[in-house]
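Undergrad: below: sequence and its predicted model.
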Amino acid sequence: MAATDGCPCRRSRRTVAGVTDSGVPASAPPAPTTLGELRDSGATPRPVKAEIRANLLARLAAGEPSLPGIVGFEDTVVPEVERALIAGHDLVLLGERGQGKTRLIRTLVGLLDEWTPVLTGSELNEHPLAPISVWAHRQIAEHGDATPVGWLHRSERFGEKLATPDTSVGDLIGDVDPIKVAEGRTLGDPETVHYGLVPRTNRGIFSVNELPDLAERIQVALLNVLEERDIQIRGYRVRLPLDLLLVASANPEDYTNRGRIITPLKDRFGAEVRTHYPIELTDEVRLLNQEAHTSWPGWAGGSDAAGGAAAGRPAGEQLETPLVPEHLVEIVARFTRLVRDSNHVDQRSGVSARFAIAGLETVAASAVRRAAVAGETRPVARVVDLPSIVPASRGKVEFADSGSDPDDERETEVLEHLLRQATAQTFRARCAGLDLTGLQEHFTGGETVESGELVPAAALLGQLGTIPKLAELLGRLGVPEGEQSAEQAAAAVEFALEGLYLTRRLAKDTDGARTVYGA
């Protein structure tokens, strides 16, 4: 597949295979720098939808993911989006908040050719062999085959606008520029127009986020863009055959509560695709591990590989990348799903994936805080860090019965109960059939084990001495044999203690930051 609009001068499999990291081009732009050189190279203009279709089909034929990084939509949303793109349809993504609609839309940029030729200086990203503006025709008439040609990377061929009530037609489509009129041009001159975001994204992908929030009179301005593919400005007919893919996002309740998509505009979109939260727990965990991040480069939940092995930390040296063990990631995922399904939560609002992501990052931050205060060599999250999720994330949940006078204490109790429930479910799933009687027998003589958000791993393990079945417990929790450490052992043991408490085989007393387990 060609890397440009039919230009055979540079072909690269990478330009079809995926999005470049951090928006950095995967290769240098092709060689032609003038109109004559571009024509001699055999380049031909290609509509943006045909470009996306060809690159999408190439990915599918090669067995590559069409929308890399999109988790949980593989068998539901992605096939619908693929069919819409192959059909050349503009589309609306409809779903509750935090379902990855914006992420999916931005991923579509990876289906564009990596480089595309444009007339240098064009406001409309015009193809040198298919100019559409008066300015472009004049440039070519003046310079002929010497007309300068530039190359636009696909990362620059995407535009988006968050629909807000104050958005104007001028913002989206354009308006007459009074300065240009004052310079002597007539009002009927197309060059008096200051183009808006949509024309400036010509030959690319334009996204309108939260489309129902756009005033209905402003939505009317998009009718021609979707159907006739031209624009109208202040009564002047500016004939610009725009070439773009228009994608919009919306929340279902917006149709009745905050606004609606007007019927003629809905009719002009070729496809409406419903999104959803992850259906399977494994997808929820994958999403968390992919999206959660902190200010520590390379941090990821569930694996020690991201941070490397810990060594002694000299005074004043930066703490290592935090580790959130697999079982804690699973607890956060289960907690999110329980909150999402709770009858105490407003189902119309939903529970965003950002709720889970922020929760996991808060758990990691709690571990880093303990490591900094207690002098641990490696921040590893433990069960004692989980309660920090509740106060940090409560504002992300809309409760069904809160009304105008929300009961903060009651809402906190609901979230704490669901967090305990998620921990118990994870314990049963991870430790089913594991013999923990040896750990339980430690408490038969009245001994206790004190933990807390500032109790270091060594202090926790030192209270238990030799721990029976520890290697098997670590294995159940996904810790590879060669990567076991004192911090990970403490995280595993504390999880086991909490599980024994939740299954009523141990007692627990919590007083602020202090937690004591006993018989």
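TA: Here it is on my side, so go on.

Undergrad: and for the nearest residue to Thr164 once chain neighbours are set aside, the neighbour number?
TA: In space, and not counting its chain neighbours, Thr164 is closest to Asp213: 6.3 Å by CB to CB, 6 or more residues apart in numbering. To be clear about C-beta, it is placed using only N, CA and C from the backbone, and glycine gets the same treatment. By the criterion of other CB atoms under 10 Å, Asp213 has 17 neighbours.

Undergrad: thinking Asp213 is in contact with Gly259, fair?
TA: Yes: between Asp213 and Gly259 there is a contact under CB atoms under 8 Å: 5.4 Å.

Undergrad: got phi/psi on the closest residue to Ala146 other than its chain neighbours?
TA: Spatial nearest neighbour of Ala146, excluding adjacent residues (CB to CB, 6+ apart): Thr34 at 5.5 Å. Main-chain torsions, Thr34, degrees, to the nearest 10: phi -130, psi 160.

Undergrad: cool, and Val273?
TA: phi -120, psi 120.

Undergrad: what's the answer for Ile205, then?
TA: Residue torsions, per degrees, to the nearest 10, at Ile205 are phi -120, psi 130.

Undergrad: and the host helix or strand of Ala61, what's buried?
TA: For Ala61, the host element (DSSP states H and E) is helix 48-62. Neighbour counts over helix 48-62 (16 or more other CB atoms under 10 Å) mark Val48, Lys49, Glu51, Ile52, Arg53, Ala54, Asn55, Leu56, Leu57, Ala58, Arg59 as buried.

Undergrad: what sits up against the helix or strand following it?
TA: Beyond helix 48-62 in the direction of the C-terminus, DSSP H and E gives the next helix or strand as helix 77-87. Residues from elsewhere that reach helix 77-87 (CB atoms under 8 Å, 6 or more residues apart in numbering): 49, 52-53, 56-57, 60, 66-67, 70, 91, 104, 108, 111, 245, 270-271, 273-276.

Undergrad: for stretch 416-425, same thing?
TA: By CB under 8 Å, 6+ apart, stretch 416-425 touches 331-332, 334-335, 338-339, 342, 383, 386-387, 389-390, 498-499, 502-503.

Undergrad: most surrounded residue in the residues you listed?
TA: Using other CB under 10 Å as the neighbour criterion, Val332 leads the contacts of stretch 416-425 with 31 neighbours.

Undergrad: which helices and strands sit right next to the helix or strand hosting it?
TA: Taking DSSP H and E as the definition, one finds Val332 inside helix 326-341. Other elements packing on helix 326-341 under the criterion 3 or more CB pairs under 8 Å, 6 or more residues apart in numbering; DSSP states H and E are helix 281-291, helix 353-374, helix 408-431, helix 486-502.

Undergrad: out of these, which one sits most buried?
TA: helix 486-502 (a mean of 23; mean count of other CB atoms under 10 Å).

Undergrad: helices and strands around the following helix or strand past that helix, which ones?
TA: Next along the chain after helix 486-502, taking DSSP H and E as the criterion, comes strand 507-511. Applying 3+ CB pairs under 8 Å, 6+ apart, one finds that strand 507-511 contacts helix 486-502, strand 514-518.

Undergrad: now the nearest residue to Ala271 once chain neighbours are set aside: how far from Gly270?
TA: The shortest distance from Ala271 to any non-neighbouring residue, by CB to CB, 6+ apart, is to Ala84 (3.8 Å). For Ala84, the distance to Gly270 equals 6 Å [CB to CB, to the nearest Å].

Undergrad: joint contacts of these two?
TA: With CB under 8 Å, 6+ apart as the test, Ala84 and Gly270 both reach Leu91.

Undergrad: more crowded one of the two?
TA: Ala84 (20 against 15).

Undergrad: hmm, back to that, identify the contacts common to Asp213 and Gly259.
TA: By CB under 8 Å, 6+ apart, no residue touches both Asp213 and Gly259.

Undergrad: tell me how far the residue nearest to the spatial centre of the chain lies from Gln290.
TA: The chain has Arg103 as the residue nearest its centroid, 4.5 Å off, counting by CA atoms, centre = their mean. Between Arg103 and Gln290 the computed distance is 10 Å (CB to CB).

Undergrad: shared neighbours of those two, anything?
TA: In contact with both Arg103 and Gln290: Gly69, using CB under 8 Å, 6+ apart.

Undergrad: sticking with the residue lying closest to Arg200 once chain neighbours are set aside, tell me its helix or strand.
TA: Using CB to CB, 6+ apart and skipping residues adjacent in sequence, the residue nearest Arg200 is Glu123, 6.2 Å away. Assigned by DSSP H and E, Glu123 belongs to no helix or strand.

Undergrad: so what's the backbone phi/psi at the nearest residue to Arg369 once chain neighbours are set aside?
TA: With sequence-adjacent residues excluded and distances taken as CB to CB, 6+ apart, Arg369 is closest to Glu453, at 7.7 Å. Main-chain dihedrals, Glu453, degrees, to the nearest 10: phi -70, psi -10.

Undergrad: before we move on, back to that, distance to Asp401 added to the helices and strands packed on helix 326-341, as a markdown table?
TA: Converted to a markdown table, the helices and strands packed on helix 326-341 look like this (distance: least, CB to CB, whole Å):
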| stretch | distance to Asp401 |
| --- | --- |
| helix 281-291 | 26 |
| helix 353-374 | 19 |
| helix 408-431 | 9 |
| helix 486-502 | 27 |
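
Undergrad: can I see the domain layout of this protein?
TA: 14-274, 281-518 (automatic domain parsing).

Undergrad: next one: the longest one to chain centre, how far?
TA: Put plainly, it is domain 14-274. 21 Å (CA atoms, centre = their mean, to the nearest Å).

Undergrad: next up, the contacts around Tyr517.
TA: With CB under 8 Å, 6+ apart, Tyr517 has these contacts: Phe443, Thr448, Val449, Glu450, Ser451, Leu497, Leu500, Tyr501, Leu506, Ala507, Lys508.

Undergrad: now do 6 Å
TA: Taking CB atoms under 6 Å, 6 or more residues apart in numbering, we find Tyr517 in contact with Val449, Leu497, Leu506, Lys508.

Undergrad: please look at the first one and Gly462 and confirm they touch.
TA: Read it as Val449. No: judged on CB atoms under 6 Å, Val449 makes no contact with Gly462 at a distance of 9.9 Å.

Undergrad: in a markdown table: the helices and strands packed on helix 326-341, plus mean pLDDT and distance to Leu265.
TA: As requested, the helices and strands packed on helix 326-341 are exported to a markdown table (pLDDT from 0 to 100; distance: least, CB to CB, whole Å):
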| stretch | mean pLDDT | distance to Leu265 |
| --- | --- | --- |
| helix 281-291 | 91 | 31 |
| helix 353-374 | 91 | 28 |
| helix 408-431 | 91 | 38 |
| helix 486-502 | 90 | 52 |
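
Undergrad: in CSV: the helices and strands packed on strand 507-511, plus distance to Glu96.
TA: Compiled in CSV, the helices and strands packed on strand 507-511 are given as follows (distance: least, CB to CB, whole Å):
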stretch, distance to Glu96
helix 486-502, 30
strand 514-518, 36
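
Undergrad: where exactly do the helices run in the stretch 201-350 of the chain?
TA: 216-219, 223-226, 263-268, 281-291, 326-341 (DSSP state H, counting those that start in this stretch).

Undergrad: mind checking what secondary structure the residue lying farthest from the centre of the chain has?
TA: Within the chain, the residue lying farthest from the chain centre (CA atoms, centre = their mean) is Gly445, at 51.2 Å. Three-state call for Gly445 (DSSP: H, G, I helix; E, B strand; the rest coil): coil.

Undergrad: look up how far Lys101 lies from Asn209.
TA: When Asn209 is compared with Lys101 (using CB to CB), they lie 8 Å apart.

Undergrad: okay, the two: which has more neighbours?
TA: Lys101 (25 against 19).

Undergrad: surely that one and Ala248 touch.
TA: No: Lys101 lies out of contact with Ala248 (CB under 6 Å); the separation is 9.4 Å.

Undergrad: could you find the closest non-adjacent residue to Leu245?
TA: Per CB to CB, 6+ apart, closest to Leu245 is Ile205, 4.8 Å.

Undergrad: cheers, nothing more for now.
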